[in-house]
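**Q** what follows is a predicted protein model with its sequence.
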Amino acid sequence: MRNQDRDHWRQGRHSDSSMPSSRFDELPDEIDLTGRFQGSFVDGFPETTNLYVGNLSPKVDENFLLRTFGRFGPTASVKIMWPRTEEEKRRQRNCGFVAFMNRADGQTAKDEMHGVVVYGYELNIGWGKSVALPSHALPAPPPGQMAIRNKEVALLSFCVVLKLFS
């Protein structure tokens, strides 16, 4: 039956109403056939406060993300997409999401953190799909407990370490 359906489509007879509908008939109209699908890491969500954080070191956990991104403003949620399959584990990098309570704080975090190197991995920051915001933000990290203060401090620390070992 499946081969007959495929042959009907190839021969242009897919308009036959006696044919059962294909699951492809139900695809959304907004699919981008150029290869960039709507979803994470697109700028097409003007109201989102949710940042996609790509190229995360396997050493980074949710607490690290909260301490690092929490300095930019109140955060609604923090999530790392932990690898579930052996193939995902072999990639040796993760991605995650940090949702802020407001867009301005998210924009500041995006601008400051994109390109920062953490444990040898350069962060790739973009906008993710919108998520529901809770009525209260996550507790703020204590002062002085931030994982990375800014790009300049991270770069300076890296330079000091290099100088020590050269």
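**A** Alright, I've got the coordinates. Residues are numbered from 1 along each chain as shown.
**Q** what is the neighbour count of Y119?
**A** By other C-beta atoms under 10 Å, the residues close to Y119 number 10. Backbone N, C-alpha and C define where each C-beta goes, glycine included.
**Q** next one: phi and psi at it?
**A** Phi and psi for Y119, reported as degrees, to the nearest 10, are phi 50, psi 40.
**Q** that one touches V60, doesn't it?
**A** Yes - look at Y119 against V60 with C-beta atoms under 8 Å: they come within range, at 6.8 Å.
**Q** how about low-confidence regions in this structure?
**A** Applying pLDDT under 70 to the chain picks out residues 1-44, 142-166.
**Q** all strands of this protein, in order?
**A** 50-56, 75-81, 94-100, 117-118, 121-122, 124-127 (DSSP state E).
**Q** list the buried residues of the second one.
**A** Burial within strand 75-81, assessed by neighbour count using 16 or more other C-beta atoms under 10 Å, is assigned to 75-80.
**Q** so what secondary structure elements neighbour it?
**A** Contacts defined by 3 or more C-beta pairs under 8 Å, 6 or more residues apart in numbering; DSSP states H and E place strand 75-81 against helix 62-69, strand 94-100.
**Q** can you put those in a markdown table and add distance to L133 and mean neighbour count?
**A** Shown next, in a markdown table, are the helices and strands packed on strand 75-81 (distance: least, C-beta to C-beta, whole Å; neighbours: other C-beta atoms under 10 Å):
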| stretch | distance to L133 | mean neighbour count |
| --- | --- | --- |
| helix 62-69 | 15 | 20 |
| strand 94-100 | 7 | 22 |
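**Q** could you dump these into TSV and include distance to A140?
**A** Below are the helices and strands packed on strand 75-81 laid out as TSV (distance: least, C-beta to C-beta, whole Å):
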stretch	distance to A140
helix 62-69	9
strand 94-100	12
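**Q** so which of the ones you listed is nearest G54?
**A** Of all the helices and strands packed on strand 75-81, strand 94-100 sits nearest to G54, with 4.6 Å by C-beta to C-beta.
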